[in-house]
Structure formats: structure tokens, C-alpha cells
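[1] how would this look folded up:
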Amino acid sequence: MTDDDDAVETFYTQERWQNWIDRLREEDLDLENEDSARLLMNLQEDTAIAVAKVIEAYEDDLIGEERAHEELSEMQEIVLSKAPLEDEEKSMLLESVQMSLEVVFYAAQEFVAAGAADEASVEEYIDAAADAEAEEEVDTAIGYLVQAGTLVIDGEEIDPALVEEMEYGLVAEWVNGLESLQNAMASPETVEEEG
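    Prediction:
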């Protein structure tokens, strides 16, 4: 652990998020259109990459636990705050992305605080979350997905077949976020220059 945390890069800024919001505002969004879908996905992946970089810095002892929590909390505050988009459809699409990212932040915080879960596999946690959602136990579902997320951070992978079989709902949205986190952990450089 270094004493010189300040020497480490800034992981995420309000300006970086604002650049994405500005691009959303300027685009004619149409989810049937590949470019629109890609813009939303890139926005989501960009945030996941920033989260992955905090975890990477923490695991490499470049920052301590407290700094890691602070960085993740600040990022969460920026990304999950309501964006001033006048267009209702764009607002809804952005909220969907924000919801997917919610569990990414929780999982990262949990990983920094307690490491990877060890009670079950990613698949078992996701199945348990889907069952909890079916019982309308949303908090329980989030809890399971946070545990799944710590395993994703630790290198386990989400089975794409499992995702394809999922019914659309909250758990599917959150698992989508965890897939972005998985991509980011594997390759934390991808979308960065787009923002």
C-alpha cells in the first residue's frame, strides 16, 4: 500500500459522465438502430471499465481500501444521479443503463470490503436471484447478484446461455450490468477514448 494515493489517476469525473449525457442528448436514439444501441452499451461499458480500474488499483496495492470505497462511491453518485434529459424516451433508456450499473457498484464495494463470495457459484447466485425476483423479494435478489458480482470480479464467468434463457426483468437488467463488468475486468481499456 503506498502512502501516495494522490499520485494515482483520477478514475472517473463528472465531466466524463457529462460527455456521455451530451452525446445521448444529441443522438436520435432508436434501439432498432445499431449505433444507438452501441452508444448505450458503450456508456455502460465505460463506467464498468472505470470500476474495474479502481478494483485493479486496489488489488495492485496502488490505493487502499478507504480510497477504493471513496472512488466507487463518488463514481456511483455521478453515474446514478438523475440526468437532465428532456426527452422522455432517452431518460428511460438511460435509467435502464443506470439500473444495470447499480449492482456493478454494489458488487465492487462488496469485493473491496469482503473479497469474493464463497457460498455458491455465479450461476447458483443468479438462479437464486431470479427465484427471489419471482417472489417479489427485490432486495434479496440484489443481494444474490452482488455476491455473483464479486465472483465475476474474481474471474468467474457468466454463462451466456444462462443469460439468453432469462426472462426480461430486474434480474436480467442487473445481470446485463455484471456482463459489462466481466468484459471490463477482462479488458479494462476498451471504450475509454469514446467518452
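[2] make it CA atoms for all contacts and neighbour counts henceforth
    OK.
[3] So what touches the helix or strand bottoming out on mean pLDDT in the chain?
    Between all helices and strands in the chain, the lowest mean by mean pLDDT, DSSP states H and E belongs to helix 160-165, at a mean of 88. Residues from elsewhere that reach helix 160-165 (C-alpha atoms under 8 Å, 6 or more residues apart in numbering): 123, 172, 175.
[4] The first one: neighbour count?
    Think residue 123. Using other C-alpha atoms under 10 Å, residue 123 is surrounded by 17 other residues.
[5] pLDDT of the host helix or strand of it, averaged?
    Here residue 123, judged by DSSP states H and E, is contained in helix 122-134. The pLDDT scores in helix 122-134 average 97.
[6] in stretch 136-151, what counts as buried?
    140-151 (16 or more other C-alpha atoms under 10 Å).
[7] closest to residue 111 among those residues?
    residue 150 (5.2 Å; C-alpha to C-alpha).
[8] Excluding sequence neighbours, find me the nearest residue to the closest one.
    The shortest distance from residue 150 to any non-neighbouring residue, by C-alpha to C-alpha, 6 or more residues apart in numbering, is to residue 116 (4.7 Å).
[9] List the residues that contact that neighbour.
    Residue 116 touches 147, 150-151, 153-154, counting by C-alpha under 8 Å, 6+ apart.
[10] possible to save the contacts of helix 160-165 as JSON lines with distance to residue 90?
    Listed next are these as JSON lines, based on distance: C-alpha to C-alpha, whole Å:
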{"residue": "123", "distance to residue 90": "32"}
{"residue": "172", "distance to residue 90": "20"}
{"residue": "175", "distance to residue 90": "21"}
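[11] What residues of stretch 45-64 count as buried?
    45-58, 62-64.
[12] can you give me how far it is from the chain middle?
    When C-alpha coordinates are averaged (C-alpha atoms, centre = their mean, to the nearest Å), stretch 45-64 and its chain have centres 12 Å apart.
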